[in-house]
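Visitor: Okay, sequence plus prediction incoming.
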Amino acid sequence: MPNVKLTLISHPLCPFVQRAAIVLLEKNVPFERIDVDLANKPDWFMALSPTGKVPLLKVEQPDSADVILFESSAICEYLNETQDGVSLYSNDALSRAQQRAWVEFGVAVLSDAWQFLNAKGSAVADDKKAAFREKLQRLENTLEQGPYFSGVAFSMVDALFAPVFRYFDLLSPAVSQPIFDNLPRVSAWRESLAHRPSVISAVSEDYADRFRQHLIKQQAILSNSIL
């Protein structure tokens, strides 16, 4: 959309922000990024965000008032529908519905991964690791030719899962590798996403250190496992 300025209001560690950033980068859309401290939310942010969460996308239009979009799914759908470039959904209605369903599945995968990584005790960590591994097995049974979820085309499903897999790229192989053992398709997909330019550029260069500091602050048992 010409003459529209986009601002992504974000947090450096939020995976849902990464999802939106990946879509912006895939669409080759210029945008400004503003990080907020979610532990000390500024008044201007709370005035804009109905949920008090990130991401937000501010859409500045020259002939009308600015519009604030919230929730990463709505932001990504808007970007896919309005920006140039290849669609991140299939042109086939049935395949498109399946992709949207797997995006929702990915949100549940992300929840298990996040709770595993942030666990303060071994019981919770083991439970969430098992739940995460079970969902990876479902993905293993679904994936086919690769290198991405839907084949050669990068899709909205990939934009959701890339931030999930990024966590495990930061962990010591002694911790992460057993989770992905005997899952060759998922492992190949994970590697393909790790090398995608949009995925790499969706976080800052100090992401690993920031994430380590987050786990230390949370007193997570995996805080010493970040490379």
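Guide: Looks like it came in fine.
Visitor: which residues sit against stretch 98-106?
Guide: With C-beta atoms under 8 Å, 6 or more residues apart in numbering as the contact definition, stretch 98-106 has outside contacts at 73, 89-90, 135, 138, 142, 149-150, 155-157, 160-161, 164. All C-beta spots, glycine's among them, are computed from the backbone N, C-alpha and C.
Visitor: Present those as TSV; the columns should include distance to T51 and secondary structure.
Guide: Below are the contacts of stretch 98-106 laid out as TSV (distance: C-beta to C-beta, whole Å; DSSP: H, G, I helix; E, B strand; the rest coil):
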residue	distance to T51	secondary structure
S73	13	helix
Y89	25	coil
S90	30	coil
K135	25	helix
R138	29	helix
T142	31	helix
F149	28	coil
S150	30	coil
S155	26	coil
M156	21	helix
V157	24	helix
L160	19	helix
F161	23	helix
V164	21	helix
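Visitor: Of the residues you listed, just say which sits nearest to V4.
Guide: Using C-beta to C-beta, S73 comes nearest to V4 of the contacts of stretch 98-106, at 20.1 Å.
Visitor: what's near enough to touch the closest one?
Guide: S73 touches V103, counting by C-beta under 8 Å, 6+ apart.
Visitor: Please report how far it lies from V23.
Guide: Distance of S73 to V23, computed by C-beta to C-beta, to the nearest Å: 11 Å.
Visitor: Could you pick out the buried ones from the contacts of stretch 98-106?
Guide: Among those, those buried by neighbour count (16 or more other C-beta atoms under 10 Å) are 73, 89-90, 135, 149-150, 155-157, 160-161, 164.
Visitor: Tell me where this protein has helices.
Guide: Under the criterion DSSP state H, the chain contains helices at 15-26, 43-48, 72-82, 93-117, 122-142, 156-170, 173-180, 184-194, 197-201, 207-217.
Visitor: Nearest approach to N3 belongs to which of the ones you listed?
Guide: Nearest to N3, of all the helices of the chain, is helix 72-82, at 12.6 Å by C-beta to C-beta.
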